[in-house]
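[1] need a structure here:
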Amino acid sequence: MGGLFVQMDTVVNEAFTVLDADAGGSVDRQDFDKSLLEVIGSIMLQLSGKPIGVQSSGIVPPQRATSGIMPF
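    Residues are numbered from 1 along each chain as shown. Purely as a prediction, here's the structure:
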């Protein structure tokens, strides 16, 4: 499964290089929202052209109705 993480890191890092995310500084809410949409759109576009498959043989237990926290 190590290759999967390398592939995902590559896709996400490529999306962030488009925005020059290492530049630092602060942005207002509207610019943040726009940037976030660009990152998500870039990731979706990359994955649509070159999907990354994941398999698992694990069983996910049913969520308990009384639990107030996420199971992971």
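[2] Skip ahead from the helix or strand hosting residue 13 and say which helix or strand is next.
    Assessed by DSSP states H and E, residue 13 sits inside helix 2-19. Downstream of helix 2-19, the next assigned helix or strand under DSSP H and E is helix 29-49.
[3] Next one: residue 34 from residue 4, what distance?
    30 Å (C-beta to C-beta, to the nearest Å). Placement of C-beta: from N, CA and C, glycine included.
[4] where does the spatially most central residue of the chain sit relative to residue 29, distance-wise?
    In the chain, the centroid-proximal residue (C-alpha atoms, centre = their mean) is residue 12; its distance is 6.7 Å. Counting by C-beta to C-beta, the gap from residue 12 to residue 29 is 22 Å.
[5] just residue 56 next, same as before
    37 Å.
[6] Then residue 51?
    From residue 51 to residue 29 the distance is 32 Å (C-beta to C-beta).
[7] ditto for residue 57
    Taking C-beta to C-beta, one finds residue 57 at 43 Å from residue 29.
[8] now residue 15
    Taking C-beta to C-beta, one finds residue 15 at 20 Å from residue 29.
[9] So for those two, which residue has more residues nearby?
    More crowded of residue 15 and residue 29, by other C-beta atoms under 10 Å: residue 15, with 19 against 7.
[10] May I have the residues that are in contact with that one?
    With contacts defined as C-beta atoms under 8 Å, 6 or more residues apart in numbering, the neighbours of residue 15 are 38-39, 42-43, 46.
[11] How about residue 29?
    Applying C-beta under 8 Å, 6+ apart, no residues contact residue 29.
[12] do the one 4 residues further on as well
    Applying C-beta under 8 Å, 6+ apart, we find residue 33 in contact with no residue.
[13] Could you do residue 5 as well?
    By C-beta under 8 Å, 6+ apart, residue 5 has no neighbours at all.
[14] Buried residues, stretch 31-46. List them.
    35, 39, 42-43, 46 (16 or more other C-beta atoms under 10 Å).
[15] Export those residues to JSON lines and append columns for pLDDT and distance to residue 62.
    Below are the buried residues of stretch 31-46 laid out as JSON lines (pLDDT from 0 to 100; distance: C-beta to C-beta, whole Å):
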{"residue": "35", "pLDDT": "83", "distance to residue 62": "37"}
{"residue": "39", "pLDDT": "84", "distance to residue 62": "33"}
{"residue": "42", "pLDDT": "85", "distance to residue 62": "35"}
{"residue": "43", "pLDDT": "84", "distance to residue 62": "30"}
{"residue": "46", "pLDDT": "83", "distance to residue 62": "34"}
